[in-house]
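Colleague: task: produce atomic coordinates for the following.
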Amino acid sequence: MELPPRQALIQLMLQLQRNGLALSQAYAARQTALELEKVVTVERLSSMEGVTTSLAVIAALEALVEEHRKLVQQWLVEATRQLVPVLEEHPEDQRKAISDGLTAALQAQLQHQHLSLQARGEWIDAARTIFRLAQRARERDPRVARSLFADEDDFEEAERQGERMDAASAVEHRLREQLAARMRARLAQFQPR
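Modeller: Okay, here's the model as predicted:
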């Protein structure tokens, strides 16, 4: 039995929302598995082994971010491909309004992805800078025990980069909350009344 156009659109939108949510959850789970909270610690900063370990985690995170960017783009292309024929089933006088709404939703998704990945990129860059500073201190004197950084200037730069990491994390957190609220609103919008 073929669904009426509006029902088919609602069903497809719910499916696409679930797929997008699964994609976001998988990305979050993989970030969690990297144990990012352990990346910038005194233990890691105080030895060349720790520096190397954290730089490897940062590189893995960077690869994960790029992979996620590609997966989201594929999801958006596939969503558009699936939505076009369902949209064509609607009466011509309704298509523009539906299309405009879908376009706005997809643009919001793209903007969210851009801002989120930009914030994560800032975090990565700041963390990498901190570890370059620590690495410089370890290269000067591998046994250095008195300081994590070579000098006061490097210490101050590491503090600035730490603040940059905190700011990027705050942006990511705010964007996650906004996305969750948008998804809840969209799902509620498509629930039968």
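
Colleague: report all helices and strands that the longest helix along the chain contacts.
Modeller: Counting by DSSP state H, the longest helix found in the chain is helix 92-140. Here helix 92-140 touches helix 42-45, helix 48-88, helix 152-190, going by 3 or more Cβ pairs under 8 Å, 6 or more residues apart in numbering; DSSP states H and E. All C-beta spots, glycine's among them, are computed from the backbone N, C-alpha and C.

Colleague: quick one: contacts of the first one?
Modeller: Contacts with helix 42-45, where a contact means Cβ atoms under 8 Å, 6 or more residues apart in numbering, come from Lys38, Gly50, Val51, Thr53, Ser54, Ile130, Phe131, Ala134, Leu148.

Colleague: counting neighbours, which bits of stretch 174-193 end up buried?
Modeller: For stretch 174-193, burial by neighbour count (16 or more other Cβ atoms under 10 Å) applies to Leu175, Leu179.

Colleague: send me that stretch as PDB with only the CA atoms.
Modeller: The C-alpha coordinates for stretch 174-193 follow below in PDB (Å, rounded to 0.1, in the frame of the first residue of the first chain):
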ATOM      1  CA  ARG A 174      26.500  24.700  23.000                       C
ATOM      2  CA  LEU A 175      26.100  23.400  19.500                       C
ATOM      3  CA  ARG A 176      25.400  19.800  20.700                       C
ATOM      4  CA  GLU A 177      22.600  21.200  23.000                       C
ATOM      5  CA  GLN A 178      21.200  23.300  20.100                       C
ATOM      6  CA  LEU A 179      21.200  20.300  17.800                       C
ATOM      7  CA  ALA A 180      19.500  18.100  20.300                       C
ATOM      8  CA  ALA A 181      16.800  20.700  20.900                       C
ATOM      9  CA  ARG A 182      16.300  21.100  17.100                       C
ATOM     10  CA  MET A 183      16.100  17.300  16.600                       C
ATOM     11  CA  ARG A 184      13.500  17.000  19.500                       C
ATOM     12  CA  ALA A 185      11.500  19.800  18.000                       C
ATOM     13  CA  ARG A 186      11.600  18.200  14.500                       C
ATOM     14  CA  LEU A 187      10.600  14.800  15.800                       C
ATOM     15  CA  ALA A 188       7.800  16.300  17.800                       C
ATOM     16  CA  GLN A 189       6.600  18.100  14.700                       C
ATOM     17  CA  PHE A 190       6.300  14.800  12.800                       C
ATOM     18  CA  GLN A 191       4.600  12.900  15.500                       C
ATOM     19  CA  PRO A 192       1.000  11.900  14.800                       C
ATOM     20  CA  ARG A 193      -1.600  14.100  16.500                       C
END
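
Colleague: give me the mean pLDDT for the longest helix of the chain.
Modeller: If you average the pLDDT over helix 92-140, you get 88.
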